[in-house]
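> Here is the input, now give the coordinates:
(one chain, ligands or ions: 1)
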Amino acid sequence: MKHIHVKIPGHEIEIPYLHYKGKGSDKICVISGGVHGDEVNGISLVRKLIEYCNENDIEKKLNGELIVLPVCNQSGFENQTHHVSYDKKDLNRCFNKKQKTASNLIANALEKYFYSKADLAIDCHDSGKRHILLPHTRVHTHEDQYCTNCTREMAKAFGSKIIIERKGKRGMLAIEMSKKHKLPILTIEIGGALKVAHKHLEKGLGGLVNILKAQGFLHGEPRVPSEQFYLKDRFGVPAKHTGVLKLNKKLGSRVHMGDQIGSIYVPKKAKTYEVISPMCGIIFSIQSVDVAKEGEIIFSILEDRKCHKKRRMTSGMVEELKNIKM
Ligand SMILES: [Zn+2]
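Coordinates of the predicted model:
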């Protein structure tokens with residue numbers, strides 16, 4: 001294991017990495033996990049990739065170089081937190097910033113040693129402590145058409161049924177490094193709630209290998225699914241009460257406006273309230289704990305705008321999504 005050393009106020013920290021050097025091309029692909037310390041599925045997906053590389057003697061097969069970062073935010077991982085422990089900041093909002101806080105310095109070091117030299121990158125996440133997400137990839141779009149198109153190609157090769165395209169925010173790895181270094185970065189999201197989703201990670205590893213094949217780092221034909229769905233965004237549904245939550249719909253379920261999704265029992269009133277879906281679509285994320293707090297998101301829906309008001313099953317696109325098996 002190799003390390004880079006980063007000086008932050010009051011500490012010097014190490015960021016571990018593995019460097020697989022193939023022959024042929026000098027293209028570099030960086031694959032990272034643990035930018036958010038509480039995202040064990042991103043970390044576990046990278047672990048699977050490392051095991052795959054070691055078991056398959058990857059350097060002999062690799063056309064180019066592969067740099068793997070098993071955990072970018074070690075302090076967050078140790079404390080099971082999303083943010084970096086030294087300054088309580090989200091590392092994925094700290095790229096390309098001038099201020100010298102711990103998180104900005106870590107982001108700058110990652111940029112200097114890895115992302116500024118890379119040709120493409122993949123960043124593995126999950127939904128954090130409180131929610132579980134349907135596996136999907138995120139393409140952050142911006143003016144640079146090369147980056148957007150290449151990231152779309154990676155998303156296609158990864159092969160998850162759902163691809164979300166969105167604009168992204170200032171300070172994000174995927175946004176800032178694309179802007180500054182013309183680096184296409186795909187974000188992968190699998191699972192959440194500090195639970196390792198082994199079944200999905202197996203598919204996730206297949207997806208990473210597929211990307212490496214599609215981008216010419218490994219030989220072989222990538223297997224791309226026949227149907228994928230590009231979606232813009234999800235709608236978070238906040239709890240109307242504080243109480244004990246029971247959700248009776250599963251992740252990936254088709255729901256319609258007015259459907260009962262579950263209930264919230266409010267102990268101080270000894271009363272149970274229904275949780276009703278405000279729209280038609282697919283359940284995209286659900287809260288992992290059975291307590292609801294008024295105003296906080298308990299589940300989210302990928303909206304099917306063609307199926308509104310009337311409970312008709314009109315949209316072929318969303319109907320197809322119904323068949324996702326969780
Ligand atoms: Zn994350």
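
> Who is the residue in the stretch 51-200 of the chain positioned nearest to the ion paired with across the strands?
Among the residues of the stretch 51-200 of the chain, residue 125 lies closest to the ion, at 3.3 Å counting by Cβ to the ion. In this view, the C-beta of every residue, glycine as well, is placed from N, C-alpha and C. Judged by DSSP bridges, the bridge partners of residue 125 are residue 189.

> hang on, isn't it packed against residue 186?
No - here residue 125 lies out of contact with residue 186, judged by Cβ atoms under 8 Å, at a distance of 10.9 Å.

> Counting neighbours, go ahead and name the busier of these two.
residue 186 (27 against 24; other Cβ atoms under 10 Å).

> so which strand or helix has the more buried one?
Using DSSP states H and E, residue 186 sits within strand 185-189.

> What lies in contact with the helix or strand following that strand?
Note on strand 185-189: by DSSP H and E, the next helix or strand toward the C-terminus is helix 198-214. Counting by Cβ atoms under 8 Å, 6 or more residues apart in numbering, helix 198-214 makes contact with 29, 31, 41, 44-45, 48-49, 52, 66, 122, 124, 135, 153-154, 156-160, 186, 188, 190-191, 218-224, all of which sit outside it.

> Would you mind listing what in the stretch 1-150 of the chain touches the ion?
36, 39, 125 (Cβ under 5 Å from the ion).

> Would you mind putting these into CSV with distance to residue 205 and pLDDT alongside?
Formatted as CSV, these follow (distance: Cβ to Cβ, whole Å; pLDDT from 0 to 100):
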residue, distance to residue 205, pLDDT
36, 20, 97
39, 16, 95
125, 16, 96
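
> Closest to residue 99 out of those?
Proximity to residue 99 was ranked across those by Cβ to Cβ; first place goes to residue 36, at 20.3 Å.

> just to revisit the earlier point, which residues sit in contact with the residue of the stretch 51-200 of the chain closest to the ion?
35, 36, 39, 41, 42, 187, 188, 189, 190.

> Which residue, neighbours along the chain excluded, lies closest to the first one?
If you skip the residues right next to it in sequence, residue 35 has residue 72 as its closest partner in space, 4.7 Å away by Cβ to Cβ, 6 or more residues apart in numbering.

> so what's the backbone phi/psi at residue 305?
phi -70, psi -20 (degrees, to the nearest 10).

> and it, what does it touch?
Per Cβ under 8 Å, 6+ apart, neighbours of residue 305: none.

> for residue 239, same thing?
Here residue 239 is in contact with 245, 264, 275, 292, 293, 294, 295, 296, 297, 298 (Cβ under 8 Å, 6+ apart).

> now, which of the residues you listed lie within strands?
245, 264, 275, 292, 297, 298 (DSSP state E).

> with those in mind, which one is nearest to residue 165?
residue 297 (21.1 Å).

> Contact partners for the closest one?
131, 236, 237, 238, 239, 287.

> hmm, try it at 6 Å
By Cβ atoms under 6 Å, 6 or more residues apart in numbering, the contact set of residue 297 is 236, 238.

> any idea how far it is from residue 211?
Per Cβ to Cβ, to the nearest Å, residue 297 is found 30 Å from residue 211.
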